[in-house]
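>>> Provide a 3D model corresponding to the input given below.
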Amino acid sequence: MEGVLKLDFTELMTLRRIDDGAHSPTELSREMQVPAPTISWILNWLVELGLVEHSVDSSNLQRFSKRILG
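Down below sits the predicted model:
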């Protein structure tokens, strides 16, 4: 089973929320009722896995967005 990702429930729900339109860690944390540091860790992990792209919102430099790749 080479190449199979094993994501836990919270990681899968994070991907789902991003796919549904949630873009900021604060928004994800609030909607999922998960502590902000946990969301930050999950997002960094998903970026590292190549599942999510991180980009800065050019209209508001304090906000950044996430999107699912592929």
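>>> please count neighbours and contacts with C-alpha atoms only from this point.
Noted.
>>> could you identify the longest helix within this structure?
Selection of the longest helix in the chain by residue count, based on DSSP state H, yields helix 36-48.
>>> all strands for this protein, in order.
When assigned using DSSP state E, the strands of the chain occupy the ranges 52-56, 64-68.
>>> could you list every helix and strand in contact with the first one?
With contacts defined as 3 or more C-alpha pairs under 8 Å, 6 or more residues apart in numbering; DSSP states H and E, the packing partners of strand 52-56 are helix 36-48, strand 64-68.
>>> quick check, Val47 in contact with Trp41.
No - Val47 is not in contact with Trp41 according to C-alpha atoms under 8 Å; the separation is 10.0 Å.
>>> of those two, which one has the most company?
Between Val47 and Trp41, counted using other C-alpha atoms under 10 Å, the more crowded position is Val47 (17 against 12).
>>> mind pulling up the pLDDT for the more buried one?
At Val47 the predicted local confidence, pLDDT, stands at 86.
>>> leaving out sequence neighbours, find the closest residue to it.
Nearest residue to Val47, sequence neighbours excluded (C-alpha to C-alpha, 6 or more residues apart in numbering): Glu53, at 5.9 Å.
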